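In: Here you go, sequence then predicted model.
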Amino acid sequence: MRSPFPRRILASRLAALAFALAAFASALAQEVQVHGLMFERWVRDTFFGGYKPASYTQRWDIPADANKDHGGVPVNPKAVKFGTPVDLGDALRQYEINEPFVLLLGFWEQDGDEKRFVNILAPLITHEQWKALWGDVNYADLLKLDELIKDPARPIEETRKLALKMKNSPPFTTAVIQVNPKIDPRQRRLQCSIRFADVFKHLAPDVPERPAGPATLWGVPFPGPIASPARNQR
């Protein structure tokens, strides 16, 4: 039976529907992630003169030349759920870091429809410390795993098995930083992270995981909880 709509009209309506669904999904994601955006904005406005990134793909969220009062090094702020690993991003890009930087971490907990920040860390990480966290892993090892993950000739399940086997073998098992292959029909990426406990063991050994009192950064308390529902409420 012939469709009552001309093909181009039907295609146009389908495209409009797809666009609307994508916009809706994006809006939901942004609402759930609003705590991270607000935390990063507070950091930039309070300590870095309201610096705004020229691009959200730039290497450093806050480059060294925007850091006038806290060491003159690049800064990467991240909002992280308390007790969970810290996602660092693309593994190759993280391995390429060859300068000191501040990894600024705001740890939050869910409290009803709010997220409350319970601790904020700002360890200065030297190049030597950063390389030590990679253990015996070198750039060629990461490239090999990255190429495996992104090889379109292999089925997804086979790629997952091979990537997991490589991840759970030396030299990757010697590293504190964990490599995290992301392999599904939408993506083939090699990310990395550091475990919650390892943050305090290796980067901030003199800082308690949950200090008494409000979460503060360089003596300034974070201004209260953020209205942000948990993901599973969606």
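Out: Good, I have the coordinates.
In: Go ahead and flag the most central residue of this structure.
Out: Nearest residue to the geometric centre of the chain (CA atoms, centre = their mean): Asp87, 4.1 Å.
In: List the buried residues in the top strand by length along the chain.
Out: Longest strand in the chain, counting residues (DSSP state E): strand 101-111. Residues of strand 101-111 classed as buried: 101-108, 110 (neighbour count, 16 or more other CB atoms under 10 Å). In short, each C-beta sits where N, CA and C put it, glycine included.
In: Please convert those to a markdown table, extending it with distance to Tyr139.
Out: Below are the buried residues of strand 101-111 laid out as a markdown table (distance: CB to CB, whole Å):
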| residue | distance to Tyr139 |
| --- | --- |
| Phe101 | 19 |
| Val102 | 24 |
| Leu103 | 21 |
| Leu104 | 26 |
| Leu105 | 26 |
| Gly106 | 30 |
| Phe107 | 31 |
| Trp108 | 34 |
| Gln110 | 38 |
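In: any idea which of the residues you listed is closest to Leu148?
Out: Using CB to CB, Leu103 is the member of the buried residues of strand 101-111 that sits closest to Leu148, with 28.1 Å.
In: All the helices of the protein, residue numbers only.
Out: For the chain, helices defined by DSSP state H occupy the ranges 7-32, 34-47, 91-95, 127-132, 139-149, 156-167, 196-198.
In: Report the spatially nearest residue to Gly36, omitting neighbours in sequence.
Out: Distance criterion CB to CB, 6 or more residues apart in numbering; nearest residue to Gly36, sequence neighbours excluded, is Ala79 at 4.0 Å.
In: surely the one you found meets Arg41?
Out: No - checked against CB atoms under 8 Å, the pair Ala79 and Arg41 is beyond contact range at 10.8 Å.
In: Give me the more crowded residue out of those two.
Out: Ala79 (23 against 13; other CB atoms under 10 Å).
In: Against Pro229, how distant is the more buried one?
Out: 15 Å (CB to CB, to the nearest Å).
In: repeat for Ser169
Out: 40 Å.
In: what residue ranges in this protein are flagged as low confidence?
Out: Within the chain, the segments meeting pLDDT under 70 span 1-32, 232-234.
In: I appreciate the help and will end here.
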